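**Q** Using only what follows, build the 3D model:
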Amino acid sequence: MSEYELNRTIKLNNDSEYSSLYSWSLEEYDSEGSKVEEAFIPMTTGSIYLDVEKLSYRNHFQRWGSEPESSDFIESEHIHGKLKTQEDSSQPFWRQTTNTFSMFGTDREIKDFGIEIYKTDNGDTGKKLSWRERIVDSKKENCYLSGYIGWQQDEELDVTSHEAEDSLYIIVILKEERFNKIVQYIKDGVDARYISIGHADGFYNQWTPSIHLGSIKVLSDDRTGFGENETYVQQVEAAKGCDITPPRIGRLVDFNIDFNIESNIFIDDDKENEDVYKDDYEIDSPVKLESSTDVISSQLSQMSDLGLKLSKFSLDALRLPLWIIAITLLLILIYK
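**A** Numbering: from 1, shown residues only. Here you go, the predicted model:
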């Protein structure tokens, strides 16, 4: 026989002392009837971030029936992922959530987080997703939440004693092209950085003006029994005449999964800059420049040649006046 591990009573309080902030809340009480925590109200703001430990693609082939020819093989495929709460405080400020999760009626922190991703189908074959009698149409893209209360199984005929822990799962249905893209990411070794969710039915937090919600309490859709005897595992006590039905997990509005694709090409910045400058120099200066020594020698040679030319010009310019002076002196001597 299975026994669910609940150690607190859940009560709905529709007489809020902070009516301007919220009109009703859920509270927990221990076995002695004492309230153990402050009131929790439905989550209406903020986002929750979960790290992705691993994603894997699963392909399944199965045939039902008692006779060899009674049915054909049925193929199914989905993506399974293991998630965990974020532990790295170096994340950007909007992702520093440090959330803890626990089921209403327990004081245990949820450690088992997962994600299941399926493809949409045409629905003609009646293929739908189902868990705990909850039927989800797979004809269109959508996302949901599902959660289970931890339980212990006593040893029975053909069944050994075992236990299951509290768990929380995200169910995502995507069009084939999106689904196949994630499958290709898995094959290529591309990592999913994180998953964020928000506006989730069945999530409750203590009132805060901050977008960082802290502790999250979960009211699951987990049921026990069958048919008319089926009831929710987490029973909520309410005052007589109260018509409030507290939301349970199922509907999920905001969902985001982020993949990180990095280049594996290493670039040496120093060498890159050197090559750029070299290329620019070669393009802008096609003529090879001389060294500074060669330039100075050339300039000195040009100056020397210029000096010789000036000296020769000066001598040529003085030669005529000297002849005139010499002739004049000779004439003076003759006629004297």
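**Q** how is the protein carved up into domains?
**A** 2-260, 264-336 (automatic domain parsing).
**Q** ranking these by mean pLDDT, which is last?
**A** Note on the domains of the chain: lowest mean pLDDT is at domain 264-336, with a mean of 60.
**Q** next structured bit after the helix or strand in which Asp51 is found?
**A** Asp51 belongs to strand 48-62 when assigned by DSSP states H and E. Sequence order places strand 74-85 as the next helix or strand after strand 48-62, per DSSP H and E.
**Q** Buried ones in stretch 220-230, by neighbour count?
**A** Of all the residues in stretch 220-230, those buried under the rule 16 or more other Cβ atoms under 10 Å are Ser220, Asp221, Asp222. C-beta coordinates here come from the backbone N, C-alpha and C atoms, glycine included.
**Q** count of neighbours near Glu37?
**A** For Glu37, the number of neighbouring residues by other Cβ atoms under 10 Å comes to 14.
**Q** Assign it to helix, strand or coil.
**A** coil (DSSP: H, G, I helix; E, B strand; the rest coil).
**Q** That one reaches Glu28, doesn't it?
**A** Yes - with contact defined as Cβ atoms under 8 Å, Glu37 counts as touching Glu28 (5.8 Å).
**Q** Let me know the distance separating Phe104 from Asp121.
**A** As judged by Cβ to Cβ, to the nearest Å, Phe104 and Asp121 stand 34 Å apart.
**Q** Please say which of the two ends up with more neighbours.
**A** Just comparing Phe104 and Asp121: by other Cβ under 10 Å the higher neighbour count belongs to Phe104, 24 against 15.
**Q** quick one on the thing from earlier: which one among the buried residues of stretch 220-230 gets closest to Leu252?
**A** Closest approach to Leu252 among those (Cβ to Cβ): Asp221, at 12.3 Å.
**Q** residues making contact with stretch 238-257?
**A** Stretch 238-257 is contacted from outside by 11-12, 14-15, 24, 26, 42, 47, 52, 134, 143-147, 168, 170, 172, 182, 192, 194-203, 218-221, 232, 236, using Cβ atoms under 8 Å, 6 or more residues apart in numbering.
**Q** what about that stretch, start to end distance?
**A** 38 Å (Cα to Cα, to the nearest Å).
**Q** For it, which residues meet the burial criterion?
**A** Ala238, Pro246, Arg248, Ile249, Gly250, Leu252, Phe255, Ile257.
**Q** Could you tell me which of those residues are located in strands?
**A** Per DSSP state E, strands hold the following members of the buried residues of stretch 238-257: Leu252, Phe255, Ile257.
**Q** Dump those into TSV; add distance to Tyr4 as well.
**A** Below are these laid out as TSV (distance: Cβ to Cβ, whole Å):
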residue	distance to Tyr4
Leu252	24
Phe255	28
Ile257	31
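**Q** Now flag whichever of those is closest to Gly81.
**A** Nearest to Gly81 among these is Ile257, at 8.8 Å by Cβ to Cβ.
**Q** mind checking how far that closest one is from Ala192?
**A** On the measure of Cβ to Cβ, Ile257 and Ala192 end up 6 Å apart.
**Q** show me where the stretch 51-200 of the chain has strands.
**A** Assigned by DSSP state E, counting those that start in this stretch, the stretch 51-200 of the chain shows strands spanning 74-85, 100-103, 112-119, 129-131, 134-136, 142-148, 151-153, 162-164, 167-174, 191-200.
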